[in-house]
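# Let me see the structure of the following:
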Amino acid sequence: MKIFKQIYKYGLMAVITLMCLGSLTSCVDEQVPGNRYTFTGETIADFLQNNSEEFSSFITILKRANTWGELDTYGHYTCFAPTNDAIDAYLKQREMTSLDELTKEDCDTLSWTHLINSTFFMSDMTEGSLPSVNLLNRFLTLSYDSTMLEDGRYRLRHCINKTSHIIQLDDTVENGVVQVVDSVIKVAGDYVFDVLKENNDTKLFFEALNMVGLEDSLKKWRDETYSVSYDSVYEGVIGVGGGSEYKVYYWGEKVTNFTVLVEPDSVYAKHGINNIDDLIAYANEVYNDAYYPEHAGKYNPEDYRDRRHPLNKFVSYHILPFCVPSEANFNCRKDIIESRCITALIDPEDYFETLMPHSVMRVSTVTSGADKGVYINRRGIGTLTSSSTEFEGRADHRGVKIYTTTEMANVNSEACNGYIHYVDDILEYSDFVRNDILNRRMRIDCATLSPDFMTSGARQRKPSSGNEGIGFLQPTNFYSYNNDYTMWVRSSVTNNWSYQGDGVDLMGNYDIILKLPPIPFSGTWELRLSYRGYEGCGVVQNYVGDSPSTLVPCGIPTDLRLAANDNPNIGWLSDTEDLEDDEELIKANDKSMKNRGYMKGPDSHTNGETAFRHLSTMARRIIVSQYFDAGKDYYLRMKLVLDNPMAEMNFDYMEWCPKSIYDNNEDRH
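The predicted model follows:
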């Protein structure tokens, strides 16, 4: 109950914010088989009132929560409406005999849980989390199970948060859609540490987690010091990105969330790990001092809380400092993959820093075939076979698969401050992973660079209407010399000229520092930034260093106002038109551009029609090539050197590329 009181305390801000964000319009051209299609000019409130014999209890709750009026006016909502039987079962579970025993706080939580300020028909939903949060600012997830009918046949059921089944689909009304559910949707009230503690099939991992002393860390939630103006949150501000206006609504609260990737005890047993001593021995083998000589002799082998201890490293590598509601949310949305990513050339991928200091994991999605799913630290493209071709001269590697939302249907995996996902093999940041699997070009979507971008739901968020974005003041991993700019993560749409449909936009006299993602091993690396040139941008000077106070300028400023083919200092020529598909000339042009510090865009991603490589506005700038120490933090400063309060910058993606790759015929993907 303590957690729900905190939810209530901040819930009103979430409700007002989301109601101001507009709505996502959606339509269904024809009736989905088995659905009752009832577009009659009713609002959601009318629909519920006209069926009050079925929804009278929910109506009472909505009215006590002061939400009823919103559902009787213009808008675009999804209402998951629990039946009277569902409310009765909920009251019985709480040992209540009537609705009168529900507090105002209870009614607020119940109503906000069941409403989303966007319209989602079943055709809009795929397995995993819904694309927008509910009015409680929480993600709802869709999974599937089946039930046996009286005639012995099985029927597929749609489950919301695993336990509430949609029993009546897509009742269309003037201001959205009603999805009828057979039980009250549950919202977690415990911290992720406590949820793990109660999971019966992950006892060994929890024992290790408890030993390394991360309980306090995993019980972090709200930052009480964060504040942002009312107008910025509720009314929004205007930003300009890519020459288009965006309505930017600032994140109204700053919260800390976690995603914990956990092996069930059965996975450990397959590797002969049956107790905590076995797991400690395994961790000592993977994270021994030979692989981390800088830690040798500097920690007490009995002090598992020391961040340098192998068991601490093992556990910490399983924890991400942000919220990922389902395995489908690790990489970009399905519609973005289908419209932007050429999966024959590359699997959709992202790179994430974990709670283990200076560590990173690659998460990639196989979109079809026998290996379809989401994997950690995989090497190869698509479905791997015993006869698969080698990848960059090395054999393919399956990696660790993350279980789907449906496969986790019987597991309590949601907490008030995060989510738990099971994996099918042991997850480790071994010497093999660091120096072999991750010896690759790492292309990092800028919308993943701050945990705040992920936890807020800003990344890969579908817009309610038009061009929208979620704004941030001093997000984690970013530092500013001034506040004379607007920063937002633009909502992801299929026609954005960007790597994964979204990105970070800056407008104003920006001068910011970014803590760069870690590299997996020490050596010479190239740091590259995406380059989009168009009128309205500025001229930017970059600096790099191992602390914000020791940053060194890198080369001459980049003029973002010019497309690559309009800047004589770049030498961009079209493969097809200027070079007439002559491979020798193409290679020579690539080499000439690289000597000048530039590269064409990748051929594995498109703007919906044309691969980035063939767009002169979508190049890459090589910021620096130098030795980087994997045990240190590094920072990038981006300073506008022209005084222009309307200057734009699309911060789309960055790349870390090791010398072993860029010196050996790096591919164009």
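
# And Trp525, how far from Val177?
Trp525 is 49 Å from Val177, where distance means C-beta to C-beta, to the nearest Å. The way it works is simple: take the backbone N, C-alpha and C, and place the C-beta from them, glycine included.

# likewise Gly272?
For Gly272 relative to Val177 (C-beta to C-beta), the value is 52 Å.

# Same drill for these two, tell me which one is more crowded.
Val177 (26 against 9; other C-beta atoms under 10 Å).

# so the more buried one sits right up against Phe121, yeah?
Yes. Shown here, Val177 and Phe121 form a contact pair, counting by C-beta atoms under 8 Å, at 5.8 Å.

# show me what contacts Asn175?
For Asn175, the contact set (C-beta atoms under 8 Å, 6 or more residues apart in numbering) comprises 43-44, 71, 73-77.

# Swap in 6 Å and give it another go.
Asn175 makes contact with 43-44, 75, 77, according to C-beta atoms under 6 Å, 6 or more residues apart in numbering.

# which stretches of the stretch 451-600 of the chain have low pLDDT?
464 (pLDDT under 70).

# Would you map the strands across it?
468-471, 478-480, 485-490, 503-508, 511-515, 523-532, 539-545, 552-553, 558-559, 598-599 (DSSP state E, counting those that start in this stretch).

# Would you mind measuring from the residue nearest to Ile166 when sequence neighbours are not counted to His271?
Nearest residue to Ile166, sequence neighbours excluded (C-beta to C-beta, 6 or more residues apart in numbering): His158, at 4.4 Å. His158 sits 36 Å away from His271, going by C-beta to C-beta.

# go on, Asp643?
Per C-beta to C-beta, Asp643 is found 60 Å from His271.

# So which of the two has more stuff around it?
Neighbour totals were compared for Asp643 and His271, and His271 leads with 13 against 9 (other C-beta under 10 Å).

# if I pick Glu95, what's in contact with it?
Glu95 neighbours (C-beta under 6 Å, 6+ apart): none.

# and it, helix, strand or coil?
Following DSSP: H, G, I helix; E, B strand; the rest coil, the label given to Glu95 is coil.

# So it versus Ile61, what's the distance?
Remark: distance between Glu95 and Ile61 (C-beta to C-beta) = 18 Å.

# Kindly report the same for Lys220.
31 Å.

# What of Ile336?
36 Å.

# ok, now Glu53?
Distance of Glu53 to Ile61, given as C-beta to C-beta: 16 Å.

# So for the two, which sits in the more crowded spot?
Neighbours per residue (other C-beta under 10 Å) separate Glu53 from Ile61, with Ile61 holding more: 24 against 8.

# Report the spatially nearest residue to Asn650, omitting neighbours in sequence.
Closest to Asn650 by C-beta to C-beta, 6+ apart is Arg532, at 4.8 Å.

# And for Phe628?
The spatially closest residue to Phe628, leaving aside those adjacent along the chain, is Trp525, at 5.0 Å (C-beta to C-beta, 6+ apart).

# Just give the number of residues close to that neighbour.
Counted with other C-beta under 10 Å, the neighbours of Trp525 add up to 26.

# So it sits against Glu655, correct?
No. Between Trp525 and Glu655 no contact is recorded; they are 9.5 Å apart, counting by C-beta atoms under 6 Å.

# Just name the shakiest helix or strand of this structure by mean pLDDT.
Within the chain, no helix or strand scores below helix 2-20, which has a mean of 39 by mean pLDDT, DSSP states H and E.

# and the following helix or strand past that one, which residues are buried?
Tracing the chain C-terminally past helix 2-20 and defining elements by DSSP states H and E, one meets helix 44-50 next. By 16 or more other C-beta atoms under 10 Å, the buried positions in helix 44-50 come out as 44-49.

# Quick check: pLDDT value at Cys107.
We have a pLDDT of 89 for Cys107.

# and it, what element?
With DSSP H and E as the test, Cys107 turns up in helix 104-113.

# Phe120 - nearest residue in space that isn't next to it in sequence?
In space, Phe120 is closest to Thr78, 4.6 Å off (C-beta to C-beta, 6+ apart).

# The one you found reaches Ile116, doesn't it?
Yes. Using C-beta under 6 Å, Thr78 is in contact with Ile116, at 4.3 Å.

# For stretch 144-158, measure first residue to last.
End-to-end distance of stretch 144-158 (C-alpha to C-alpha, to the nearest Å): 5 Å.

# Also stretch 629-642?
Stretch 629-642 end-to-end distance (C-alpha to C-alpha) = 33 Å.

# What are the buried residues along it?
Within stretch 629-642, the residues that qualify as buried are 630, 634-640, counting by 16+ other C-beta under 10 Å.

# Would you format these as a markdown table with pLDDT included?
Output for the buried residues of stretch 629-642, formatted as a markdown table (pLDDT from 0 to 100):
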| residue | pLDDT |
| --- | --- |
| Ala630 | 97 |
| Tyr634 | 98 |
| Tyr635 | 98 |
| Leu636 | 98 |
| Arg637 | 97 |
| Met638 | 96 |
| Lys639 | 96 |
| Leu640 | 96 |
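
# Which one of these is nearest to Asn650?
The shortest gap between Asn650 and any of the buried residues of stretch 629-642 belongs to Met638, at 11.9 Å (C-beta to C-beta).

# Distance of the closest one relative to Val181?
From Met638 across to Val181, the span is 47 Å (C-beta to C-beta).

# Spell out for me which residue occupies the centre of the chain.
Met454 (4.5 Å; C-alpha atoms, centre = their mean).

# Ignoring the adjacent residues along the chain, who's closest to it?
Phe322 (3.7 Å).

# In this structure that neighbour contacts Thr455, no?
Yes. Contact criterion C-beta under 6 Å: Phe322 and Thr455 qualify, at 4.7 Å.

# which residues do those two both contact?
With C-beta under 6 Å, 6+ apart as the test, Phe322 and Thr455 both reach Asn257.

# before we move on, back to that, mind listing which of the buried residues of stretch 629-642 are in helices?
Among these, no residue falls in helices (DSSP state H).

# would CSV of those with distance to Asp170 be doable?
Converted to CSV, these look like this (distance: C-beta to C-beta, whole Å):
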residue, distance to Asp170
Ala630, 51
Tyr634, 50
Tyr635, 50
Leu636, 47
Arg637, 50
Met638, 46
Lys639, 51
Leu640, 48
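
# Narrow the residues you listed to those in strands?
Counting by DSSP state E, the buried residues of stretch 629-642 place 635-640 in strands.
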